[in-house]
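S.K.: 3D, please:
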Amino acid sequence: MANGSVFVRRELMIRFVRAFNNGTLETDLDRFAVEMRPRLGQSSRCCIYHDRAVIKYRLMSLLGFSCEEETDEARTLASYYREAIERETPVNVAETIPLSVCEAGCSGCPSARVIVTPNCRGCLNRPCMYSCPKGAISIVNQVSTIDYSKCINCGKCTTVCPYHAIVKTTVPCEEACPTGAIHKDPDGHTRIDMEKCISCGNCFSKCPFSAILERSQMLDVMKAIKNGEKVVAMIAPAIEPQIAGSIEQLFTAVSKLGFTDVMEVAIGAEETTAREAEEFKEKMLAGERLMTTSCCPAYVELVRKFVPELMKYVSHTPSPMVLAAEIARKEHPGCKVVFVGPCVAKRIEGARNNIDFVLSFEELLGMLAGSGIDIIACEPMKLPRAAISDARGFAKSSGVTQAVVNELGNFKDDFKLDAKAINGIEKKTISILKLYAAGKLPGNFLEVMCCPGGCVNGPCSLKK
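M.R.: The predicted model follows:
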């Protein structure tokens with residue numbers, strides 16, 4: 001969904017790429033904030049200096065640094081650039097998290113709670129007072145008043161008020177987090193608990209101030225290409241509904257960036273389908289009662305951290321990204337592989353599975369725009385072999401299931417496939433997964449997708 005923070009983020013990416021291509025990034029970096037927020041211009045926050053600080057931290061994230069790493073506020077972006085350009089490998093996000101909180105950008109939202117608005121009429125019915133299970137509401141000067149020492153934020157009062165005068169406020173990032181990994185520090189700023197974070201990216205996509213940033217590997221990719229290394233781009237199938245033009249035109253555009261080759265991750269999904277179907281068949285014939293898919297890294301991380309008893313049921317089959325990388329390295333020995341997708345959690349999975357770089361769709365389109373490459377104007381690339389539709393369908397919820405069903409057939413040998421799906425990870429998902437682990441819910445094949453609707457609605461999607 002287009003909004004002000006998205007426009008700023010994309011403008012910075014385009015400026016960043018354009019300056020890199022022109023060989024002026026080191027000298028331009030510290031001027032971007034001044035150019036975008038001139039002294040007599042309009043500010044988005046309290047003042048232009050606050051805006052400039054936020055732009056600085058966004059640029060730090062584009063260089064691959066987290067805001068939390070800053071120890072010297074006077075350090076220039078040019079010095080961060082020199083460090084980034086000299087590093088041999090990007091930061092290993094598997095040892096940390098791929099997200100960073102920009103404290104300067106965080107609004108310090110007030111804690112979520114139930115509040116009484118001026119619409120309250122102090123009506124005679126007083127359903128709010130009588131429905132409150134803790135007696136937290138009383139009428140003071142003909143207005144409902146909440147005693148927060150008693151209030152449990154159940155929200156019953158919000159549903160019974162005839163004037164809709166009582167509302168429940170939220171903190172978007174906290175509300176979006178399914179695992180309680182988001183909390184506030186004593187100053188009211190957002191912090192991410194790495195022990196609880198599954199890198200789902202919900203906080204990244206939901207924060208209205210875009211204060212949660214990705215640690216980018218875009219500079220590392222451009223540097224590798226510029227240095228003449230063999231670099232293969234692997235494009236996730238979720239890209240198709242998000243671009244103007246065809247996949248074949250996109251591949252031509254991406255090849256113009258200097259990539260050695262461009263391939264569909266869906267080619268790897270074909271192998272994932274075959275292996276996962278065979279694994280499921282073997283487990284069912286061996287008398288096991290359940291197997292879950294393993295393609296969504298945020299789901300796998302959720303199981304690992306919160307439902308470890310379910311881990312034995314998670315498929316051992318590698319994801320399409322991992323298998324696509326194997327194909328790319330066979331065809332181009334010694335190459336570096338770049339996964340391009342809509343997912344934050346793929347940065348973690350990539351780091352753990354020898355994927356050299358991970359880019360978001362937005363970063364790839366920023367590279368194209370910054371390089372002046374128009375997808376629509378490109379001639380379609382002749383693909384050596386287009387992926388089958390089932391493999392491209394992995395990007396949508398239940399797409400993995402459909403591919404496995406088609407591979408196996410509804411009935412096979414001595415078992416029947418009873419497929420179930422969880423379409424989007426929510427706060428209640430952990431409890432549901434615990435029931436599956438305990439054998440208290442039906443189904444022997446379970447697909448879990450972190451994002452409602454599938455990867456096409458990932459946190460780094462171009463269209464929501």
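
S.K.: gap between stretch 396-406 and the chain center?
M.R.: Distance of stretch 396-406 from the chain centroid (CA atoms, centre = their mean, to the nearest Å) equals 22 Å.

S.K.: show residues contacting that stretch.
M.R.: The contact list for stretch 396-406 (CB atoms under 8 Å, 6 or more residues apart in numbering) reads 269, 272-273, 276-277, 280, 293, 295, 390-391, 393-394, 417, 419, 421, 423-424, 445, 447, 449, 452-456. No exception for glycine: its C-beta is placed from N, CA and C like everyone else's.

S.K.: now swap in stretch 421-440 and tell me
M.R.: Contacting residues not belonging to stretch 421-440 are listed as 178-180, 198, 200, 289-290, 292, 298-299, 302-303, 306-307, 309-310, 313, 397-398, 401, 441, 443, 446-454 [CB under 8 Å, 6+ apart].

S.K.: circling back: so which of the contacts of stretch 396-406 belong to helices?
M.R.: Those of the contacts of stretch 396-406 mapping onto helices are A269, T272, T273, E276, A277, F280, D390, A391, per DSSP state H.

S.K.: pretty sure P241 is touching G454, no?
M.R.: No. Using CB atoms under 8 Å, P241 makes no contact with G454, being 10.8 Å away.

S.K.: and the two? Which one has more around it.
M.R.: G454 (24 against 12; other CB atoms under 10 Å).

S.K.: can you tell me how far the more buried one is from T401?
M.R.: G454 sits at a distance of 11 Å from T401 (criterion: CB to CB, to the nearest Å).

S.K.: do the same with G453
M.R.: Noted for G453: a distance of 14 Å to T401, by CB to CB.

S.K.: show me what contacts V456?
M.R.: V456 touches A238, P241, Q242, P342, A395, K396, counting by CB under 8 Å, 6+ apart.

S.K.: how about stretch 167-182 as CSV, C-alpha atoms only?
M.R.: Taking Å, rounded to 0.1, in the frame of the first residue of the first chain, the C-alpha atoms of stretch 167-182 are listed here in CSV:
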residue,chain,number,x,y,z
VAL,A,167,-12.7,2.8,22.0
LYS,A,168,-9.7,0.5,22.4
THR,A,169,-6.4,2.1,21.2
THR,A,170,-3.6,0.0,19.8
VAL,A,171,0.1,0.2,19.2
PRO,A,172,0.3,-1.1,15.6
CYS,A,173,3.7,-2.9,15.8
GLU,A,174,2.7,-4.6,19.1
GLU,A,175,-0.7,-5.5,17.8
ALA,A,176,0.8,-7.0,14.6
CYS,A,177,3.4,-9.1,16.4
PRO,A,178,2.1,-12.7,16.9
THR,A,179,4.7,-13.7,19.5
GLY,A,180,5.0,-10.7,21.8
ALA,A,181,8.5,-9.8,20.6
ILE,A,182,7.7,-6.1,20.5
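
S.K.: can you tell me what sits against that stretch?
M.R.: Contacts of stretch 167-182 (CB under 8 Å, 6+ apart): 109-115, 117, 153, 155, 158, 183-184, 190-198, 200, 202-203, 205-208, 212, 302, 305-306, 425-427, 429-430.

S.K.: so of the contacts of stretch 421-440, which ones are in strands?
M.R.: Counting by DSSP state E, the part of these found in strands is T292, L446, E447, V448, M449.

S.K.: any chance of those residues in CSV, plus pLDDT?
M.R.: Putting the ones in strands among the contacts of stretch 421-440 into CSV (pLDDT from 0 to 100) gives the following:
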residue, pLDDT
T292, 97
L446, 97
E447, 97
V448, 97
M449, 96
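
S.K.: let's have those in JSON lines, adding distance to D30 and neighbour count.
M.R.: Output for the ones in strands among the contacts of stretch 421-440, formatted as JSON lines (distance: CB to CB, whole Å; neighbours: other CB atoms under 10 Å):
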{"residue": "T292", "distance to D30": "49", "neighbour count": "24"}
{"residue": "L446", "distance to D30": "51", "neighbour count": "24"}
{"residue": "E447", "distance to D30": "48", "neighbour count": "23"}
{"residue": "V448", "distance to D30": "45", "neighbour count": "28"}
{"residue": "M449", "distance to D30": "42", "neighbour count": "27"}
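
S.K.: need those in a markdown table (columns: distance to C128).
M.R.: Formatted as a markdown table, these follow (distance: CB to CB, whole Å):
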| residue | distance to C128 |
| --- | --- |
| T292 | 44 |
| L446 | 42 |
| E447 | 42 |
| V448 | 39 |
| M449 | 39 |
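
S.K.: for M381, state which of the residues you listed is nearest.
M.R.: Distance to M381, by CB to CB, is smallest for M449 among the ones in strands among the contacts of stretch 421-440, at 29.3 Å.

S.K.: any idea how far C177 is from the closest one?
M.R.: From M449 to C177 the distance is 17 Å (CB to CB).

S.K.: tell me where the model's unsure across this structure.
M.R.: Residue ranges of the chain with pLDDT under 70: 1-2, 92-96, 410-414, 463-464.

S.K.: counting neighbours, which of the ones in helices among the contacts of stretch 396-406 comes out on top?
M.R.: A269 (30 neighbours).

S.K.: any idea how far it is from T169?
M.R.: For A269, the distance to T169 - CB to CB - is 42 Å.

S.K.: repeat for R215
M.R.: R215 is 30 Å from T169, by CB to CB.

S.K.: which one of those two has more residues nearby?
M.R.: A direct count of neighbours by other CB under 10 Å for R215 and T169 places R215 higher, at 23 against 13.

S.K.: contacts only, for the more buried one.
M.R.: Counting by CB under 8 Å, 6+ apart, R215 touches S61, G64, F65, S66, V91, V93, P98, L99, S100, R347.

S.K.: max pairwise distance over those residues: which two?
M.R.: F65 and R347 (14.6 Å).

S.K.: for G443, which non-adjacent residue is closest in space?
M.R.: K420 (3.5 Å; CB to CB, 6 or more residues apart in numbering).

S.K.: count the neighbours of that neighbour for me.
M.R.: If you count neighbours by other CB under 10 Å, K420 ends up with 17.

S.K.: partner residues bridging it?
M.R.: Beta bridges link K420 to L446, judged by DSSP bridges.

S.K.: tell me how far Y163 lies from A112.
M.R.: 22 Å.

S.K.: same thing with A377?
M.R.: From A377 over to A112 (counting by CB to CB), the distance is 48 Å.

S.K.: of those two, who's got more company?
M.R.: The neighbour count for A377 versus A112, taken as other CB under 10 Å, is higher for A112 (13 against 10).

S.K.: contacting residues around the more buried one?
M.R.: Here A112 is in contact with N153, K168, T169, T170, V171, E174, E175 (CB under 8 Å, 6+ apart).

S.K.: most surrounded residue in those residues?
M.R.: Busiest of the contacts of A112 [other CB under 10 Å] is V171, holding 22 neighbours.

S.K.: and that one, its phi and psi?
M.R.: phi -110, psi 110 (degrees, to the nearest 10).
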